[in-house]
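Enquirer: take a look and give me a structure for this.
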Amino acid sequence: MTNKILKGLVATAVLAALAGCNSSDDDKAPTTCAEAGDACTTFAVLHTNDNHGRFFENKYGEYGMAARKTLIDQIRAEVESNGGETLLLSGGDINTGVPESDLQDARPDFVGMNLIGYDAMAVGNHEFDNPLSVVDMQRDLAEFPMLAANIYDKETGERYFDAYKVFDVNGVRIAVVGLTTEDTAKIANPEFIGGLEFTDPKEELKKVIKQIKDANEADLIFATTHMGHYADGVNGNNAPGDVALARAMAEGELAAVIGGHSQNPVCMEGNVYDPEFTPGGECKPDVQNGTFIMQAHEWGKYVGQANFEYFNGELHLASYKLIPVNLKEKNEAGDRVHIGEPITPDATVLEVMQQYQDKGQEELLEVIGSTDDKLEGDRGVVRNQQTNLGRLLAEAQRTKVAADFAVMNSGGVRDSIQPGEITYKDVLTVQPFGNSITLSTLTGAEVTDYLNVVATVDVGETGSGAYPQLVGIKMDVDCEAKTVAISDINGKGYAADATYTFTVPSYNAAGGDGYPVLTPVMTGYVDAEVLYTYIKNTGDIKAADYAPVAGDIQFLNSKSPLACKF
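Expert: As a prediction, the model looks like this:
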């Protein structure tokens, strides 16, 4: 071929390319839903998480499933009027937290979710606060799948729950994969999960994504998870959460994560997590590796609404908000007023939930004692230091079986008790898990070895449920060396070859929270009943009597004098 002919061909190609550049805009790929026209599909994903038994509104008329039903129906109608469809997901932890629900094994919560019309939920760690027979009952009751790709039956080797489900949402095939925190293996009751294996969610998701892609089952892959959102992937004492999950996938494989477990509203200020989200304010979800990450705080206080547009094979987030469900704030006059528009509870759901509420309250309103000051059980406090309530629980358990000292894990303290009358409901709110009290007898040397592990837990930045509340013992805790130096147990002094008795909840005796496994005497006493009896026998609780005594337990070589913190 001559250079002249070659140059002519090149010139022709260049002219053709230039002509293409000047051709009609009809050949351009759409960059907006409006440009895509009928090729753009719209849909909304609605979500809640960490219900924890809050099927009924609180005493101020906030949240509750009846109001949630009204709000979700309104959103569905609005989305449908604009040509879209909705998908409703839960990030798990339906169980544990409110006595009216706990006494009924969360039946009202699952019935409420059926009435609202949930499409799927992630299995949370608190789904295992009950025997597997209760979990199976709840799965049968639910009219939607409970999803967990990384929970296996050890005996059969099969997954205990479905890994995923594919939904047709306005013509878009969306696969929703369920994942549960691998921390469940150490924070769930070992008595109930002994037959289950909790594998790495990241590796399980990769396997499931490959399965879905190989079978061409979906256009988009979402995950509904109970793993937690930890800013920039910094997990502290927790297993890797949603950020780590998104970063572990190939970019573009995982469209979105609808999460739970850390019980925070995931709202970003720029690319930085914003811990100061204001109810009713703007919320921008996290985006990691091209994956949207969303979480709607807790208890059904909000319904998350993500409005998506799908065109040109790509997913776009058109808008996102956390909508308060009858949340209130005090005005200047001190009156509680709605944040946003008040929501009228759905009449049918309210009637059904009221029946469950009435049934649950029948046994709960008995006044069993009183306290002259707040008994501190707030999560952010009790997981970082000794508190009067944590020590009261430990003292009640020690007294019940006349033990020398007591260890009470702070993760088992679920709420505070306010000044005034104390009811059975208060007791069950503080201790909803139904753990048995165990009694162990060890030598002083063995107690030291045990507390070398238990007392030196690193509470990190957010606190740890493994942090022990302690009574009947005096010691120095060297956080750096991870050792304890015991000076006294129950006024008997300390000797390495002497024997001592102590109590610990059955959950921890079986290895929960990473505690050393014990072979104790099972006393048969249940923690809530022990607290109930102790308060009823004492009558008027003096909060100061249970305050930590200065110098009894000292934490050394730590950022905090109250706990091991690095």
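Enquirer: and D540, how many neighbours?
Expert: Neighbourhood size, D540 [other C-beta atoms under 10 Å]: 10. From N, CA and C alone the C-beta is placed, and that goes for glycine too.
Enquirer: test my guess that it contacts I368.
Expert: No - the criterion here is C-beta atoms under 8 Å, and D540 misses it with I368 at 11.2 Å.
Enquirer: ok, the nearest residue to I151 once chain neighbours are set aside - contacts?
Expert: Nearest non-adjacent residue to I151, counting by C-beta to C-beta, 6 or more residues apart in numbering: Y160, 4.8 Å away. If a contact means C-beta atoms under 8 Å, 6 or more residues apart in numbering, then Y160 has A148, I151, Y152, D153, L196 as its contacts.
Enquirer: which among these count as buried?
Expert: Among the contacts of Y160, the ones that count as buried by 16 or more other C-beta atoms under 10 Å are A148, I151, Y152, L196.
Enquirer: hang on, the first one packs against G124?
Expert: No - with contact defined as C-beta under 8 Å, A148 does not reach G124; the gap is 9.2 Å.
Enquirer: for the two, list the residues in contact with both.
Expert: Shared contacts of A148 and G124 (C-beta under 8 Å, 6+ apart): T180.
Enquirer: surely L88 forms part of a strand?
Expert: Yes - per DSSP: H, G, I helix; E, B strand; the rest coil, L88 lies within a strand segment.
Enquirer: residues touching it, list them.
Expert: Counting by C-beta under 8 Å, 6+ apart, L88 touches V45, L46, H47, I72, I116, G117, Y118, D119.
Enquirer: beyond the lowest-mean-pLDDT helix or strand in the chain, next helix or strand please.
Expert: The helix or strand of the chain with the lowest confidence, counting by mean pLDDT, DSSP states H and E, is helix 3-21 at a mean of 38. Counting by DSSP states H and E, the element after helix 3-21 in chain order, helix or strand, is helix 33-36.
Enquirer: how far out from the middle of the chain is stretch 320-331?
Expert: 20 Å (C-alpha atoms, centre = their mean, to the nearest Å).
Enquirer: give the buried residues for that stretch.
Expert: Residues of stretch 320-331 classed as buried: Y320, K321, L322, I323, P324, V325, N326, L327, K328 (neighbour count, 16+ other C-beta under 10 Å).
Enquirer: stretch 120-139 now?
Expert: 120-130, 132, 134-135, 137-139.
Enquirer: so which of the residues you listed belong to helices?
Expert: Using DSSP state H to define helices, the subset of these located there is L132, V134, V135, M137, Q138, R139.
Enquirer: turn those into TSV, including pLDDT and distance to A188.
Expert: Converted to TSV, those look like this (pLDDT from 0 to 100; distance: C-beta to C-beta, whole Å):
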residue	pLDDT	distance to A188
L132	96	11
V134	97	13
V135	98	11
M137	98	17
Q138	98	15
R139	98	16
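Enquirer: which residues sit in contact with Y63?
Expert: By C-beta under 8 Å, 6+ apart, the residues touching Y63 are R54, E57, W299, G300, K301, V325, N326, L327.
Enquirer: the fifth one contacts G64, correct?
Expert: No - in terms of C-beta under 8 Å, K301 does not count as a neighbour of G64; the distance is 10.1 Å.
Enquirer: all the strands of the stretch 351-500 of the chain, in order from the start?
Expert: 367-371, 405-409, 420-423, 436-443, 468-471, 473-478, 483-489, 499-505 (DSSP state E, counting those that start in this stretch).
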